[in-house]
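Asker: Got a predicted structure plus its sequence, pasted below:
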Amino acid sequence: MPDNSNDIFGIGIESSCDETGIAIIKNGNEIIANPVFSQIDLHKIYGGVVPEMASRMHLEKFPALLQEILNQYRSEFNRASYIAVTVRPGLTGSLLIGYYLALGIKTVLKVPVIPIHHLEAHFYANVLDNELFKNKTLEYPFIGLLLSGGNSSIYKVSGLGKLELIGDTLDDACGEAYDKAAALLGLDYPGGPEIEKRAKSFYESNPELKRGNIETENPLPKILKDQNRNQCNFSFSGIKTALYYFIRSNPDHDTDHLCWCFQERVFDIIERNVKHALSLTKFKNLVTGGGVMSNQTLRKRISSICDEMGVKLYCPSPSLCTDNGAMIGALGYYYFKENVIYPHENVISSKTEFFSSY
């Protein structure tokens, strides 16, 4: 029998928005348990997340998820050496639910609580259940691309907790823009999967479309096309506004076609920014995360860019792109190994700026 006495188990807790998650992680890269409750159906009728309802649902679902883990993995749970919990950014009420759960578990297990920044954790979803990362971490430096319902940003990452923001959204986040576009088109919430499916259907039914000759097929404008080459900012509200006016002027529009048009414009600015960031820094590693990165077409497009530029791409499995406790536990492992455990006073914050305060 192998000696597993040196294994390090950790607990990850996530409640920044509308996913409730608890996970047990072994040695930073192996998922023992990772139950997640999604609140999509609850918020669907409102077309977006209702903060108060999200908080109440976390409060209701955490006990059930915790019991599920204890029923199956009590031994691993009791062996945990640390508890990692999201403390920012996010909905303050939701964050507090997860944080106080972490403090309650700390009382029982007598192990440290490690406050985790949600955005940094998305990058560490890449190390989970991946043979490439056995006994390794991410390779620094890297460009970090984060695309989600609340964030669209690009970072230069030189080490654990050492992130420099080099590109951010000037208005809507990418996933938020998808949701708003879907609402304009009469599609279900969340908008990403629906628009992706319909865009793919249109593309596959029109084999004459070639990426080098799509301008005549797309009535929506390119956004920030004249952006300074030293900038990597995003903007999605203009595409959404153009879509609104086109729909109003063309009531007999082809919905699948407009989904393709919208997605092409979104991908265009993402691809330009990725190329800019990689060209500016000369980094040879691109690490991605966030729910939008579960889009298979986008993954292929970014993969092609990386192949052309000789860059190594890290992209989590789709199930780990969205919010989950496993990625929180994974990042917590590296802070635990470095013995970096931050004081807990006033760590809850809904603001997105944080790295200077770490």
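Answerer: Arrived safely, thanks for sending.
Asker: Now the lowest-mean-pLDDT helix or strand in the chain - C-alpha only, CSV.
Answerer: Scoring the helices and strands of the chain by mean pLDDT, DSSP states H and E places helix 40-43 at the bottom, with a mean of 85. Provided in CSV are the C-alpha atoms of helix 40-43 (Å, rounded to 0.1, in the frame of the first residue of the first chain):
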residue,chain,number,x,y,z
ILE,A,40,-29.9,29.6,-12.9
ASP,A,41,-33.5,28.3,-12.8
LEU,A,42,-34.3,30.6,-9.8
HIS,A,43,-33.0,33.8,-11.5
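Asker: Could I get the buried residue list for the one helix or strand residue 269 maps to?
Answerer: Per DSSP states H and E: residue 269 is located in helix 255-281. Within helix 255-281, the residues that count as buried by 16 or more other Cβ atoms under 10 Å are 256-270, 272-274, 276-278. Just so you know, the C-beta spots here come from the backbone N, C-alpha and C atoms, and that holds for glycine as well.
Asker: give me every residue that touches the residue nearest to the spatial centre of the chain.
Answerer: Nearest to the mean C-alpha position of the chain, counting by Cα atoms, centre = their mean, stands residue 290 at 1.7 Å. The contact partners of residue 290, taken as Cβ atoms under 8 Å, 6 or more residues apart in numbering, are 122, 146, 147, 148, 151, 175, 321.
Asker: Also residue 159?
Answerer: Listed by Cβ under 8 Å, 6+ apart, the contact partners of residue 159 are 140, 141.
Asker: distance of it from residue 327?
Answerer: 18 Å (Cβ to Cβ, to the nearest Å).
Asker: And residue 24, by the same measure?
Answerer: In terms of Cβ to Cβ, residue 24 sits 13 Å off from residue 327.
Asker: Same check on residue 312?
Answerer: Noted for residue 312: a distance of 20 Å to residue 327, by Cβ to Cβ.
Asker: So those two - more neighbours on which side?
Answerer: The residue with more neighbours, out of residue 312 and residue 327, is residue 327; 34 against 12, by other Cβ atoms under 10 Å.
Asker: That one should be in a helix, yeah?
Answerer: Yes: membership of residue 327 in a helix is supported by DSSP: H, G, I helix; E, B strand; the rest coil.
Asker: Could you find the closest non-adjacent residue to it?
Answerer: residue 125 (4.0 Å; Cβ to Cβ, 6 or more residues apart in numbering).
Asker: still on that earlier bit, return the distance of the residue nearest to the centre of the chain relative to residue 173.
Answerer: Relative to residue 173, and taking Cβ to Cβ, residue 290 is found at 9 Å.
Asker: what touches both of the two?
Answerer: With Cβ under 8 Å, 6+ apart, residue 290 and residue 173 have common neighbours 147, 148, 151.
Asker: And the pLDDT for the first one?
Answerer: If you check residue 147, the pLDDT there is 97.
Asker: residues in contact with it?
Answerer: So residue 147 contacts 173, 174, 175, 270, 288, 289, 290, 291, 292, 293, 298 (Cβ under 8 Å, 6+ apart).
Asker: The fourth one against residue 298, yeah?
Answerer: Right, the one you point to is residue 270. Yes: if you go by Cβ atoms under 8 Å, residue 270 and residue 298 touch, sitting 7.0 Å apart.
Asker: Mind pulling the model confidence for residue 136?
Answerer: For residue 136, pLDDT reads 63.
Asker: How about residue 324?
Answerer: For residue 324, the predicted pLDDT is 97.
Asker: Now do it against residue 33, distance only.
Answerer: Counting by Cβ to Cβ, the gap from residue 324 to residue 33 is 11 Å.
Asker: Between the two, which contacts overlap?
Answerer: residue 23.
Asker: Between the two, tell me which one has more neighbours.
Answerer: The neighbour comparison of residue 324 against residue 33 (other Cβ under 10 Å) goes to residue 324, with 28 against 21.
Asker: Quick check on the more buried one: phi, psi?
Answerer: Torsion angles at residue 324 (phi, psi; degrees, to the nearest 10) stand at phi -160, psi 160.
Asker: do residue 230 as well
Answerer: Note on residue 230: backbone dihedrals following degrees, to the nearest 10 are phi -90, psi 0.
Asker: dump the residue contacts of it.
Answerer: Here residue 230 is in contact with 276, 280 (Cβ under 8 Å, 6+ apart).
Asker: Which pLDDT value belongs to it?
Answerer: 75.
Asker: The one 4 residues further on now?
Answerer: On pLDDT, residue 234 comes in at 95.
Asker: Please name the residues that touch it.
Answerer: 152, 153, 167, 168, 169, 170, 174, 224, 269, 270, 273.
Asker: how about whatever helix or strand residue 81 lives in as PDB, C-alpha atoms only?
Answerer: Under the criterion of DSSP H and E, residue 81 resides in strand 80-88. In PDB, the C-alpha atoms belonging to strand 80-88 read as follows (Å, rounded to 0.1, in the frame of the first residue of the first chain):
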ATOM      1  CA  ALA A  80      -8.300  18.900   5.900                       C
ATOM      2  CA  SER A  81      -5.300  21.100   6.600                       C
ATOM      3  CA  TYR A  82      -6.900  24.400   5.400                       C
ATOM      4  CA  ILE A  83     -10.200  26.000   4.400                       C
ATOM      5  CA  ALA A  84     -10.100  28.200   1.400                       C
ATOM      6  CA  VAL A  85     -13.100  30.500   0.900                       C
ATOM      7  CA  THR A  86     -14.000  33.200  -1.600                       C
ATOM      8  CA  VAL A  87     -14.100  36.600   0.000                       C
ATOM      9  CA  ARG A  88     -14.100  38.900  -3.000                       C
END
